[in-house]
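Colleague: Need a 3D model of the following:
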Amino acid sequence: MNGQVQIRLTALALSTASITVSELWVRYYALGGRVSEFEVQAYLGGLLVLPGDERNLLADATNELLEGTSVNIRIPHGEEDEADETPGDSRRSLGALGAFLFTAEEAEEERLDAVTRTNLLDSPAEERFDQYTQQAREYFNVSSSIVALIDDRRMFLKSVIGPIEQNLPREITFCTATIRNAGPLIIPDTLEDDRFRTNPLVLGEPFIRFYAGYPLRGPGGWTVGTLCVIDQEPRGFSPQDGRFLRKLARLVEDEINA
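Modeller: Take a look at the predicted model:
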């Protein structure tokens with residue numbers, strides 16, 4: 001049976017019999033199922049492909065639950081044409097949406113793979129990125145603006161205006177903190193922030209006092225880098241500033257994922 005037909009029949013049966021996905025997952029797991037409830041939900045929503053043996057196990061679980069109802073739909077087995085796909089493969093197909101299914105180390109591996117897949121590391125400067133760092137620098141009236149990618153050991157500057165050194169070790173960069181955020185990282189005055197007041201980039205060149213960075217999402221929705229502005233004087237950051245930085249970040253993401 002075609003996998004899509006199997007999905008539609010299962011969804012129809014569950015709806016008709018008022019069986020929840022949670023109830024299905026409990027029965028499926030008891031039969032030896034290997035994927036999470038979230039992944040089953042994604043599969044039934046057409047967002048995720050499961051291996052043939054897992055799909056057939058879900059069919060068995062559905063049929064067992066239907067036996068206690070008046071619904072006469074039954075889900076036949078399908079061909080195991082995707083049996084070589086593992087639960088790990090199915091998690092990866094979810095991209096960053098499935099990040100909570102990974103350990104921290106696994107999630108970082110997926111993020112680093114996304115950085116590589118941008119094909120931007122160690123590439124030359126391009127006007128399509130430089131236009132946005134220029135706009136950011138002019139709007140915020142700061143000394144520096146960058147588009148940075150963060151790999152396993154360094155910060156690669158795809159576009160830079162200002163005295164920011166290329167290939168800084170990632171562990172000292174503000175952008176490493178930014179990529180861990182769901183939203184922007186705003187530091188009006190680094191000397192007032194316990195996380196950064198002793199950072200070598202604050203105490204030494206380029207003597208950062210103000211930082212505003214927005215995370216950039218690449219392949220699979222993983223955060224691959226940042227768009228940020230930097231200055232040697234503390235300053236405020238208004239809601240309008242936040243909207244402008246977010247708008248530019250979305251435009252940069254369009255270029256990253258083009």
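Colleague: From now on I want contacts and neighbour counts done on CA atoms only, so please keep to that.
Modeller: Fine.
Colleague: from what I can see, D194 looks like it's in a strand, true?
Modeller: No. Using DSSP: H, G, I helix; E, B strand; the rest coil, the assignment for D194 is coil, not a strand.
Colleague: Could I have the CA atoms of the helix or strand hosting S15 written out in PDB?
Modeller: Secondary structure from DSSP states H and E places S15 in helix 3-17. Below are the C-alpha coordinates for helix 3-17, written out as PDB (Å, rounded to 0.1, in the frame of the first residue of the first chain):
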ATOM      1  CA  GLY A   3       2.400   5.300   2.400                       C
ATOM      2  CA  GLN A   4       0.200   8.400   1.800                       C
ATOM      3  CA  VAL A   5      -2.900   6.200   1.500                       C
ATOM      4  CA  GLN A   6      -1.900   4.500   4.800                       C
ATOM      5  CA  ILE A   7      -1.600   7.900   6.500                       C
ATOM      6  CA  ARG A   8      -5.000   9.100   5.200                       C
ATOM      7  CA  LEU A   9      -6.700   5.800   6.300                       C
ATOM      8  CA  THR A  10      -5.100   6.000   9.700                       C
ATOM      9  CA  ALA A  11      -6.100   9.600  10.300                       C
ATOM     10  CA  LEU A  12      -9.700   8.900   9.100                       C
ATOM     11  CA  ALA A  13      -9.900   5.900  11.400                       C
ATOM     12  CA  LEU A  14      -8.600   7.800  14.400                       C
ATOM     13  CA  SER A  15     -11.000  10.700  13.800                       C
ATOM     14  CA  THR A  16     -14.000   8.400  13.200                       C
ATOM     15  CA  ALA A  17     -13.300   6.400  16.400                       C
END
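Colleague: On the C-terminal side of that helix, identify the next helix or strand.
Modeller: With DSSP H and E, the next secondary element past helix 3-17 is helix 21-30.
Colleague: buried set for that following helix?
Modeller: The neighbour-count check on helix 21-30 (16 or more other CA atoms under 10 Å) flags 21, 24-25, 27-29 as buried.
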